[in-house]
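In: have a look at this prediction, sequence included:
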Amino acid sequence: MGQGGEPRRPQPRDGELGAAVARAQDGDETAFAVAYRIVQPGLLGYLRGLVGEDAEDVASEAWLEIARDLGRFRGDGAGFRGWTATIARHRALDHLRRQRVRPRAAWLEQDALELPGRHSTHDQALESLSTERALELVRALPRDQAEAVLLRVVVGLDGPAAARVLGKRPGAVRTAAYRGLRRLARQLGADGAPDTDPPPRGEPG
Amino acid sequence: MGEQHSGGGPTGRRRAHPGGALATPDPAGACGLETRFATVLRAGRVDGEAERGAVAAFRAARDAGAHDARTRARDDWRPGRPAPARRSLRLTLSLALTSLTLGGVAVAAIGSAGSGAHHDDRSRSPRSTPPVASTPPASPGAPAAGPSDTASPDHTGRPATARDTLAHCRAYTRAGERGGALEATAWQRLVTAAGGPEKVAAYCAARLERGQGEHTGHAGTSGNKGNTGTSGNNSNAGTSGNKRNGGDTGNGGDTGQGKNKGGDRGNATVGNSTAGNPAGGRAAGGNSSGGRP
């Protein structure tokens, strides 16, 4: 649980990503596709947490900007994750602003509220965690906690990079990530309790 | 999207990060939690169409030469550099402080320049307008106050003090009937004060006469008496209860009569005694009505 404060382990493909970005900056479009495939899953996960089902549209917008501005970027693979996350975040915030003007139905549909499987242990709750359920849990967090968790866990940024994306101090982001993860663990534990139905979810199992 | 992993109990860990460290199960479950969330939230079908779109955009930008664009601060993610956000916060703060300081200096400079000695009346004159509201009590005693009172706001904020009027009147009488000898604004002011061009002569005669009468009075007595005299005059000028105007009136008398420093001293002390004003005004009312016919 105390993992929130430690620097994240370097993402496994950061070296590969950095090399691909460098080649793409030299004009290699195959290398750009490689970078896309490495970065896109984390970016999409982050955007799902921010804008829900519109994540793919927002990601496409973000990639247009990334493709256009690639020549401006300076940094390695980890830096590229941070840079792209910043761009994606701006697009997501624009999207949310537009949405506020023209509200849409909440992305949480009935199936997102489906019962977790009847598992008796925390591990089993984790095992059976679906994408929808995980998203629901993350999106139920306060915004700063959700973003901190998503950037560090899903995008794979370290503390300073996540702080830079969010425009906050690293300490604040570390705290937010820590609280968010603790809350997720608590809720998962509650979910995984035997004979737990949604209404009394708040009770500890 | 992302349905592959829903309910995927048995395969749950299969796609866990190859990021090594997490492969060892954490008894506390925190690492497992992070890994699991990472795996689940990163899951999803790879959208080939979206990828093609991104690559096409890349190609277009490359061919258009967009990739030669300059690196902005937010594009520089090289390690070891201070986070721009924090630096800019510090920069912003220091800039704000600097501008505050410079602004304060500028304002102070304005203040010291504005308080130059010879502009004394002018710099304080705008504050002499509010007491205009207190004119009505005084005006019954001094009908002539009306015109000169309304004249003051008309003339570009410059106070139509009794001194001005008196001076203009003197210039007018010295110039004889050739009113054109007066500068245009002074003449206009006189006309306004008198209530018409043809009344200027009578108006000035009355004013000069009254000014002389008062000054002989207050030259003979103490500065205190001079106060009542000037404030009475003041009510005529339409801005009663104001120390500057009272003092100005005294000043006008001074220049005209060429004597008595008592008026000047009255200038310094009159303003403080606002309570004495109504009485002074009333006394002056009698004075002026007595002097004019």
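Out: All right, it came through fine.
In: flag the shaky bits of the stretch 151-293 of chain B, pLDDT-wise.
Out: B:151-163, B:175-183, B:211-293 (pLDDT under 70).
In: what about residue A:178, which helix or strand?
Out: Residue A:178 is part of helix A:170-192 when elements are defined by DSSP states H and E.
In: pull out the buried positions in that helix.
Out: Buried residues in helix A:170-192, defined by neighbour count with 16 or more other CB atoms under 10 Å in any protein chain shown: A:170, A:173-185, A:187-192. Every residue, glycine included, has its C-beta placed from N, CA and C.
In: ok, and which of those reach chain B?
Out: Of the residues in the buried residues of helix A:170-192, proximity to chain B by CB under 8 Å from any CB of the partner chain holds for A:181, A:184-185, A:188.
In: how about those in a markdown table, adding distance to residue B:36 and pLDDT?
Out: Formatted as a markdown table, those follow (distance: CB to CB, whole Å; pLDDT from 0 to 100):
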| residue | distance to residue B:36 | pLDDT |
| --- | --- | --- |
| A:181 | 11 | 94 |
| A:184 | 10 | 92 |
| A:185 | 10 | 90 |
| A:188 | 9 | 83 |
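In: tell me the contacts of residue A:145?
Out: By CB atoms under 8 Å, 6 or more residues apart in numbering or on different chains, the contact list for residue A:145 reads A:176-177, A:179-180, A:183.
In: now do it against residue A:169, distance only.
Out: 15 Å (CB to CB, to the nearest Å).
In: show me what the longest helix anywhere in chain B packs onto, helices and strands only.
Out: For chain B, the helix that runs over the most residues, judged by DSSP state H, is helix B:84-114. Judged by 3 or more CB pairs under 8 Å, 6 or more residues apart in numbering or on different chains; DSSP states H and E, helix B:84-114 is in contact with helix A:159-166.
In: domain ranges for chain A?
Out: A:10-103, A:116-197 (automatic domain parsing).
In: centre of the chain to the shortest one, how far?
Out: Read it as domain A:116-197. Centroid displacement of domain A:116-197 relative to its chain, using CA atoms, centre = their mean, to the nearest Å, is 9 Å.
In: nearest to chain A: which residue in the stretch 101-250 of chain B?
Out: Chain A sits closest to residue B:101 of the stretch 101-250 of chain B, with a gap of 27.0 Å, by CB to the nearest CB.
In: now do the contacts for residue 38.
Out: Chain wasn't specified; assuming chain A. Taking CB under 8 Å, 6+ apart, one finds A:13, A:16-17, A:20 in contact with residue A:38.
In: wrong one, I was asking about chain B
Out: A:45, A:153-154, A:156, B:17.
In: ChimeraX command to pick out the buried ones of the residues you listed?
Out: Command for ChimeraX, covering only those of the contacts of residue B:38 found buried under the criterion 16+ other CB under 10 Å:
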select /A:45,153,154,156 /B:17
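In: just the contacts of residue B:38 now: which is nearest residue A:96?
Out: The nearest member of the contacts of residue B:38 to residue A:96, counting by CB to CB, is residue A:45 at 17.0 Å.
In: separation between that closest one and chain B?
Out: Note on residue A:45: its distance to chain B, by CB to the nearest CB, to the nearest Å, is 4 Å.
In: what ranges does chain A have for its helices?
Out: A:14-25, A:29-51, A:55-69, A:77-101, A:122-127, A:131-140, A:143-149, A:159-166, A:170-192.
In: rank those helices by pLDDT, which is bottom?
Out: When those are ranked by mean pLDDT, helix A:122-127 comes last with a mean of 69.
In: so residue B:186 sits against residue B:166, correct?
Out: No - contact between residue B:186 and residue B:166 fails when scored by CB atoms under 8 Å: they sit 11.7 Å apart.
In: tally of neighbours for residue A:35?
Out: For residue A:35, the count of nearby residues is 29 (other CB atoms under 10 Å in any protein chain shown).
In: go on, residue A:82?
Out: 22.
In: tell me which residues touch the closest residue to it other than its chain neighbours, please.
Out: In space, and not counting its chain neighbours, residue A:82 is closest to residue A:161: 4.1 Å by CB to CB, 6 or more residues apart in numbering or on different chains. By CB under 8 Å, 6+ apart, residue A:161 lies in contact with A:78-79, A:81-82, A:151, B:77.
In: in a markdown table, list the residues you listed along with distance to residue A:131.
Out: Putting the contacts of residue A:161 into a markdown table (distance: CB to CB, whole Å) gives the following:
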| residue | distance to residue A:131 |
| --- | --- |
| A:78 | 25 |
| A:79 | 28 |
| A:81 | 21 |
| A:82 | 24 |
| A:151 | 18 |
| B:77 | 29 |
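In: who wins for neighbours among those?
Out: Neighbour-wise, these (other CB under 10 Å) top out at residue A:151, 31 neighbours.
In: what's the nearest residue to it if we skip its chain neighbours?
Out: residue A:162 (4.1 Å).
In: one more: residue A:46?
Out: Nearest to residue A:46 is residue A:150, by CB to CB, 6+ apart, at 4.6 Å.
In: check what pLDDT that neighbour gets.
Out: At residue A:150, pLDDT is 96.
In: how close does it get to residue B:34?
Out: On the measure of CB to CB, residue A:150 and residue B:34 end up 11 Å apart.
In: of the contacts of residue A:38, closest to residue B:69?
Out: Closest to residue B:69, out of all of those and judged by CB to CB, is residue A:20, at 19.9 Å.
In: the closest one: neighbouring residues, count only.
Out: 24.
In: could you measure from it over to chain B?
Out: Distance from residue A:20 to chain B, by CB to the nearest CB: 12 Å.
In: that residue touches residue A:34, doesn't it?
Out: Yes - under the criterion of CB under 8 Å, residue A:20 makes contact with residue A:34 at 4.2 Å.
In: stretch B:169-188: end-to-end distance?
Out: 12 Å (CA to CA, to the nearest Å).
In: to the chain's geometric centre, what's the distance from stretch A:41-58?
Out: With CA atoms, centre = their mean, you get 8 Å for stretch A:41-58.
In: any residues touching that stretch, and which ones?
Out: A:59, A:62, A:81, A:84-85, A:88-89, A:91-93, A:95-96, A:99, A:107-108, A:135, A:138-139, A:146-147, A:150-151, A:154-156, B:1, B:38, B:41-44, B:46-47, B:50.
In: could you pick out the buried ones from these?
Out: Buried, going by 16+ other CB under 10 Å: A:59, A:62, A:81, A:84-85, A:88-89, A:91-92, A:95, A:135, A:138-139, A:146-147, A:150-151, A:154-156, B:38, B:41-44, B:47, B:50, out of the contacts of stretch A:41-58.
In: tell me the one of the contacts of residue A:145 nearest residue A:39?
Out: residue A:177 (20.3 Å).
In: contacts only, for the closest one.
Out: Per CB under 8 Å, 6+ apart, neighbours of residue A:177: A:4, A:145, A:148-149, A:152-153, A:159, A:162.
In: okay, these in TSV with distance to residue B:105 next?
Out: Formatted as TSV, these follow (distance: CB to CB, whole Å):
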residue	distance to residue B:105
A:4	48
A:145	46
A:148	44
A:149	49
A:152	47
A:153	52
A:159	42
A:162	42
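In: nearest to chain B among those residues?
Out: Once CB to the nearest CB is applied, the member of these that ends up nearest chain B is residue A:153, at 4.9 Å.
In: now the host helix or strand of residue B:186: buried residues?
Out: Here residue B:186 sits within helix B:184-194, counting by DSSP H and E. Neighbour counts over helix B:184-194 (16+ other CB under 10 Å) mark B:186-194 as buried.
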